[in-house]
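this one's sequence-less:
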């Protein structure tokens, strides 16, 4: 029972018995995916992407949401990508290149700091981060920063990371499917939602 002195406070969740409301996500732009995610899209929190190989469609999967964020005037921060983002493909996907920043520190701790700062910034809509080795404490720092800024944090990690727990709200393993432009999306973790596999047709990009 909540003490009388604290009743009615707007900053106190009083547990009415119903689930706390889920913050609206960023629409994925992919048929059948939004309705399976409890946020109605990508969560404004930590998401982990674990592709079976580099360049199998992990960025094309995110392209509609990245495009929508830049159209809203939000910035996209790319931290330590393995390659310079390919501008023609991003432009073909309607991403505003003028709203992109590329951060490539030499030191892993500086990269982590840059990702945290970008996540807390109100001008950033998404931070795409290739951290390499990262521990649980560092993951929690990123999760807290993403929630504080209401920003979508996307971490690209090796498939082996699936063996370790993570505070991420959403964890996806990606595998190529037999069809052209196809991708098998396996949900390893979805807080408050479902787990399973979904076969997707990726958005076209140049």
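Okay, I see it. As the structure is a prediction and not an experimental result, all values here were calculated from the model.

contacts and neighbour counts: CA atoms only from here.
Will do.

now the helices for this protein?
58-71, 87-92, 108-120, 136-149 (DSSP state H).

poorly predicted segments of this structure, please.
Across the chain, the ranges flagged by pLDDT under 70 are 1-23, 178-181, 203-206.

hmm, 90 instead?
Low-confidence segments of the chain, defined by pLDDT under 90: 1-24, 30-33, 35-36, 53-57, 106, 132, 176-183, 191-206.

surely residue 130 is in contact with residue 82?
Yes - Residue 130 lies in contact with residue 82 (CA atoms under 8 Å); the separation is 7.5 Å.

so the two - more neighbours on which side?
With neighbours defined as other CA atoms under 10 Å, residue 130 and residue 82 compare such that residue 130 has more, 21 against 10.

quick check: residue 73 vs residue 97, distance?
Between residue 73 and residue 97 the computed distance is 11 Å (CA to CA, to the nearest Å).

biggest strand in this structure by residues?
strand 182-190 (DSSP state E).

what about the closest residue to residue 118 other than its chain neighbours, neighbour count?
In space, residue 118 comes closest to residue 124 once its chain neighbours are excluded; the distance is 6.3 Å by CA to CA, 6 or more residues apart in numbering. Residues near residue 124, counting by other CA under 10 Å, number 24.

then residue 152?
Other residues near residue 152 number 24, with proximity taken as other CA under 10 Å.

ok, it - contacts?
42-47, 119, 125-127, 146 (CA atoms under 8 Å, 6 or more residues apart in numbering).

again, only this time at 7 Å
Applying CA atoms under 7 Å, 6 or more residues apart in numbering, we find residue 152 in contact with 43-46, 125-127, 146.

now the closest residue to residue 53 other than its chain neighbours: how far from residue 50?
Computed as CA to CA, 6+ apart, the closest residue to residue 53 that is not its neighbour in sequence is residue 175, at 8.0 Å. Using CA to CA, we find residue 175 at a distance of 9 Å from residue 50.

more neighbours, these two?
Each of residue 175 and residue 50 has its neighbours counted (other CA under 10 Å); residue 50 has more, 24 against 19.
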